[in-house]
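Peer 1: Next come a sequence and a model predicted from it.
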Amino acid sequence: EGLGDFVAVVEDALSGLLVPVELELPYSCGDVVNTIHEVGSIETIDYRENGTYVVGRVPRSLAMKLERYNVALVGASSKEDSESEIDWAAIGRGRHTAK
């Protein structure tokens, strides 16, 4: 009695140690998919043309090692580039015009 509740509490506590990731791993990184299964959890896995797409939760240390495969970071540099084109001083003076 109460064992199910205990397991649920432990699972909740451990899931708090994991961070969400969205990755596209090259097929040559099959060992990484296995590691994610072992130390984290995979919510979605899809085999695409460029590699294995994975959505899941992993320990922060592993997430940092896999940062280069993070799908969310792929478009981040182009967003930063477009933000750098904004003339923030002109906006502050009320003189900014839309490009």
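Peer 2: In hand now; what should we look at?
Peer 1: so Cys29 makes contact with Asn50?
Peer 2: No: with contacts counted by Cβ atoms under 8 Å, Cys29 stays clear of Asn50, the gap being 11.8 Å. Yep, even glycine has a C-beta here, placed from its N, CA and C like the rest.
Peer 1: out of the two, which sits in the more crowded spot?
Peer 2: Neighbour totals were compared for Cys29 and Asn50, and Cys29 leads with 17 against 9 (other Cβ atoms under 10 Å).
Peer 1: Would you quantify the distance from that one to Ser15?
Peer 2: 24 Å (Cβ to Cβ, to the nearest Å).
Peer 1: what's the pLDDT at the most centrally placed residue in the chain?
Peer 2: Nearest to the geometric centre of the chain sits Val21, at 2.8 Å (Cα atoms, centre = their mean). Model confidence at Val21, given as pLDDT, is 95.
Peer 1: Also the one 3 residues further on?
Peer 2: What the model reports as pLDDT for Glu24 is 96.
Peer 1: what about it, which helix or strand?
Peer 2: strand 18-25 (DSSP states H and E).
Peer 1: in that strand, what counts as buried?
Peer 2: Of the residues in strand 18-25, 18, 21, 23-25 count as buried by neighbour count, 16 or more other Cβ atoms under 10 Å.
Peer 1: Val32 is in contact with Gly51, correct?
Peer 2: No: Gly51 lies out of contact with Val32 (Cβ under 8 Å); the separation is 10.3 Å.
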